[in-house]
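Engineer: Following is a predicted model, sequence given first.
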Amino acid sequence: MGYTIKSREELINEIAESLEGYSEGMKWSIDLTAQEVVPICDHSVVGEDCMPKDGHLMMDIDQISSRESFQIMEDFITECTSTEEARFLHFALKQRHPFSTFKNALYELNIEGNWFGYSMKALKEKAKKWMIDNHVDFKDGKIIYKSDKVYTYRKEGKE
């Protein structure tokens, strides 16, 4: 499946990547038993070996809202050193499909590397806040938690 988290920084990175990494019918969770961040979805999509084992303690990672994602893009624009880039990106956000138009504009301007670095930094800050809000941390070589959001995983159709 995934890999065992070995540091607080790895946990922050995994949560950060999971905050935006949702698609239809999939969510990300921390498998507290296996000490991994894993997708939870239809096993036919990812394969049975990629799913948590029955009985593992799990905690779902909350997806950030579209508004929060949009705010990260707006904040990035304020950091642009070029007024022309800022105008182009601001225009992209006003289009019918702002997320894809924004990403296309980044590639057209050849500043996607700047965006990905900025975005990951912002997501790491959100991951740290999520950890505080949900009483999750990494200490003494393992993920620790004091949350009422922890549940025992059961495959669908199993009692």
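Structural biologist: Cool, got the structure.

Engineer: Please work out how many residues are found near the nearest residue to Arg154 once chain neighbours are set aside.
Structural biologist: Setting aside the residues directly before and after it, Arg154 is nearest to Asp54 in space (Cβ to Cβ, 6 or more residues apart in numbering), at 5.8 Å. (C-beta placed from N, C-alpha, C; glycine too.) Close neighbours of Asp54, defined as other Cβ atoms under 10 Å, add up to 10.

Engineer: Pretty sure Asp54 sits in a strand.
Structural biologist: No - counting by DSSP: H, G, I helix; E, B strand; the rest coil, Asp54 is located in no strand; its state is coil.

Engineer: Would you mind measuring from it to Leu32?
Structural biologist: Using Cβ to Cβ, to the nearest Å, one gets 14 Å for the distance from Asp54 to Leu32.

Engineer: how is the chain carved up into domains?
Structural biologist: With domains defined by automatic domain parsing, the chain comprises 8-62+134-152, 66-123.

Engineer: hey, where'd the helices end up in the protein?
Structural biologist: Using DSSP state H, the helices of the chain run over 8-20, 43-46, 66-79, 83-93, 98-109, 112-133.

Engineer: out of these, deepest packed?
Structural biologist: helix 8-20 (a mean of 19; mean count of other Cβ atoms under 10 Å).
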